[in-house]
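Asks: pasting the sequence and the predicted model now:
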Amino acid sequence: MADINRIKKELKDCAKDSETSGLEVKLVDEANLLHWKGAIKGPIGTPYEGGIFRIDIVLPSDYPFVPPKMKYDTKIWHPNISSESGAICLDILKNEWSPALTVRTALISLQALMSAPEPDDPQDAVVAKQYKESHDEYCATAKFWTETYASPKMPGLDMLLSMGFGEEKAKAALLKCDMNVDAAMEALLSEA
Amino acid sequence: MDRDESSYDCSDDEADSLEPSDDCFDEPAVTRHDVGFAVLDEEACLALASKVVEEVSVLLCCGAEVAHSLLRSFKWDRERLIEEYMTDCDACAKTAGIHLGADKSITHSPTEKGIVRVGGVPKTKANLPPIQCQICFEHSTEYSALQCGHAYCNACYCTYAVSKVADEGHGCVYGRCPAEQCHLVLSKALVASLLTDEAHRASLEQFARASSLSRSFVDDNAHIKWCPGADCGKAIQARPGVTGVACTCGTRFCFKCGNEDHSPCSCEDLKRWIAKCKDDSETSNWLMANTKACPKCQTSIEKNGGCNHMTCRNGACKFEFCWVCCGAWKDHLGSFYACNKYDPRTDKDKKKKQDSSRAALERYLHHYARFTNHDNSLKLETEAKVMMEKKVKEMEALGNKAWIDCRFLNEANEALHECRYALKFTYVYAFYLPEKHNFRIHFEMQQMELEKQTEELAEQLERAVEDIDHMKVVNCYHMARKRKHNLFEIVEARHHQEDEGGSSSG
């Protein structure tokens, strides 16, 4: 059985310095302590700068003796993260996990991974190849994906979200309609 | 697979002769036939392991447990360990997960209540200052630590150790201190002091087994492997490069791939062969029995009823032919259902046209049939071995011979077994040899010789006791062994040649 007290303390600790750490976590549902959503600011000086990356965190029942399950909800172009599913390849989320680590330290590691990808141990082979062979192209794609999917300032997005459209669909519609909110809304409605 | 208890009649006296000697570790002891491997029972393993541990602990001035951990992380390669330890002991300690500095361990003894050992020194529990456990984040005065001093409360540390045992199995001995960046591995003493509860007994036992000296000596040692025979606890130590080994329990296996002994064919070829047999033999047997090849395009065709006027369904072919004679249907016009023409010319034609895939199939079946044939003989002769014991007794009873004089029968039987075994796999080897190759002709000639000799030996041994000719049998098995030796020699020579880059073709 997961350690409820520890999880509560972890949540509190994460909230303490969210301003400076660039990390944020919250519960999806107040009644369920095992399902979190995290957010990481893209590290400065990387193609991810300016983006907010949302992460799905599920704590297994044996937590903290087994690692938390994490994946990117926000699409990201990174050698160690699947561009399709958001699955992460990071040792501390697998065999190098230790119960002395926390969700917060794992998120910090993710931040570090975004600053320093490890293309020799890739999750997404296509991205890793591009990273190694045509680095400029990689930077451009990663930047484009950050602007497209991770930008917090997509005008009109909040409105679409509040109307109940899915985040990915709403963003795609906005992009398609050159950020014209009305056109995007119409497109979404006609789709539905 | 093919196990037979009596094929190795060297159980007791032979095992004794394998006493660990001084240079046993560097050069594995050699059995009767200089085969390059030795069978070790648990005691022998433990003796060998303890000896190495002791030597290392004396040489590096460390405790036995530390020496064990070091050896384990160097796969029991003593020379490499000593060399690297002398060069950079800190790096070695880090990879092996041992602690070289001051001992800051905190352990509890299940027998001494209220006593805690800090760095090995007993103290009363009341003296422990409270800490915050970094796993449950609670404050506690009941905690433990490895020599690194990273302390966690007993409840968390215990759960941690139990989960390591459950998740990693034998790998639990590589479980590390939970502290970030700490490389220290869990010690036997700590785990024993944590897992005192009756509920954790199984985990504790599993950890003890995994960390036992003989277990690690075999598991982590590249030159020693467990015998895969059912319920056989023995291990085999082999010289580098040795592949086919035999345990005293009768199990023969390949030291490299763990499958049954398959010399002279290589592990890769065996793997391909097994896969092929799984895929092909049933399918091809069925094809051979139930189908005919279209005389024009060689597609396999099953006739599931109807008349003999066949039309090939291969879109590119559509050939119409007679099922009975496989001739073109147009020649039958006017004489339906009454195919009685026999023309040797067409027969020849058919052979000429035979499709390469069918030829390949036939080639495969040729090798497969012989492979299985020898396999079956092997099984039958294994059963016959019990009979042989009887024959030896009978022979003794005939009066003119002592038991020792009858032992040649056992020896002959063993030789027969060896040759059959080898023959079986020569067909796999031959199957993967390039066709129309000089070596192939050479190989098949030697193979034939071995086969002939083996069959003769089998025949000699099958005779009734009074008809068995001592000299003939002895000659026969010596000859068979020699043939086998020759065959293996040419295979080895070829490998040698290939390794040197001169892969001869032609």
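Replies: Perfect, I can see it now.

Asks: so who does residue 55 touch?
Replies: By default, I'm working from chain A. Each residue near A:Ile55 by Cβ atoms under 8 Å, 6 or more residues apart in numbering or on different chains is listed here: A:Lys37, A:Gly38, A:Ala39, A:Ile40, A:Met70, A:Lys71, A:Tyr72, A:Asp73, A:Thr74, A:Leu107, A:Leu110. C-beta here means a position set from N, CA and C on the backbone, and glycine is covered the same way.

Asks: that's the wrong chain, I meant chain B
Replies: B:Arg78.

Asks: could you say which helix or strand holds it?
Replies: Assigned by DSSP states H and E, B:Glu55 belongs to helix B:42-59.

Asks: picking that back up, mark which of the contacts of A:Ile55 are part of strands, please.
Replies: Those of these mapping onto strands are A:Lys37, A:Gly38, A:Ala39, A:Ile40, A:Met70, A:Lys71, A:Tyr72, per DSSP state E.

Asks: farthest-apart pair in the residues you listed, please.
Replies: A:Ala39 and A:Lys71 (13.6 Å; Cβ to Cβ).

Asks: quick one, which of these two is more surrounded?
Replies: Between A:Ala39 and A:Lys71, counting by other Cβ atoms under 10 Å in any protein chain shown, A:Ala39 is the more crowded of the two (19 against 15).

Asks: pLDDT score for the more buried one?
Replies: A:Ala39 is assigned 90 on the pLDDT scale.

Asks: and the gap between it and A:Asp73?
Replies: 9 Å (Cβ to Cβ, to the nearest Å).

Asks: and for these two, which residues touch both?
Replies: Both A:Ala39 and A:Asp73 are in contact with A:Arg54, A:Ile55, where contact means Cβ under 8 Å, 6+ apart.

Asks: count the neighbours of the residue of the stretch 251-400 of chain B found nearest chain A for me.
Replies: Residue nearest to chain A within the stretch 251-400 of chain B: B:Gly258 (25.1 Å; Cβ to the nearest Cβ). Number of residues near B:Gly258 (other Cβ under 10 Å) recorded here: 11.

Asks: let me know the secondary structure of the closest residue to it other than its chain neighbours.
Replies: Leaving aside its sequence neighbours, B:Gly258 sits nearest to B:Pro228 (Cβ to Cβ, 6 or more residues apart in numbering or on different chains; 6.3 Å). Taking DSSP: H, G, I helix; E, B strand; the rest coil as the rule, one finds B:Pro228 in the coil state.

Asks: what does B:Pro228 show for phi and psi?
Replies: Note on B:Pro228: backbone dihedrals following degrees, to the nearest 10 are phi -80, psi 0.

Asks: now whatever helix or strand A:Lys171 lives in: buried residues?
Replies: Take DSSP H and E as the rule and A:Lys171 turns out to sit in helix A:167-176. Neighbour-count burial for helix A:167-176, counted by 16 or more other Cβ atoms under 10 Å in any protein chain shown, picks out A:Ala170, A:Lys171, A:Ala172, A:Ala173, A:Leu174.

Asks: doesn't A:Trp97 lie inside a helix?
Replies: No: applying three-state DSSP, one finds A:Trp97 to be coil, outside a helix.

Asks: give me the pLDDT for it.
Replies: We have a pLDDT of 91 for A:Trp97.

Asks: same thing with B:Ala289?
Replies: 65.

Asks: residues of the stretch 151-300 of chain B that sit close to chain A?
Replies: Taking Cβ under 8 Å from any Cβ of the partner chain as the contact definition, the stretch 151-300 of chain B meets chain A at B:Tyr152, B:Cys156, B:Thr159, B:Tyr160, B:Ser163, B:Asp167, B:Arg176, B:Pro178, B:Ala179, B:Glu180.

Asks: list buried members of those residues by neighbour count.
Replies: Buried among these (16+ other Cβ under 10 Å): B:Tyr152, B:Cys156, B:Thr159, B:Tyr160, B:Ser163, B:Arg176, B:Pro178, B:Ala179.
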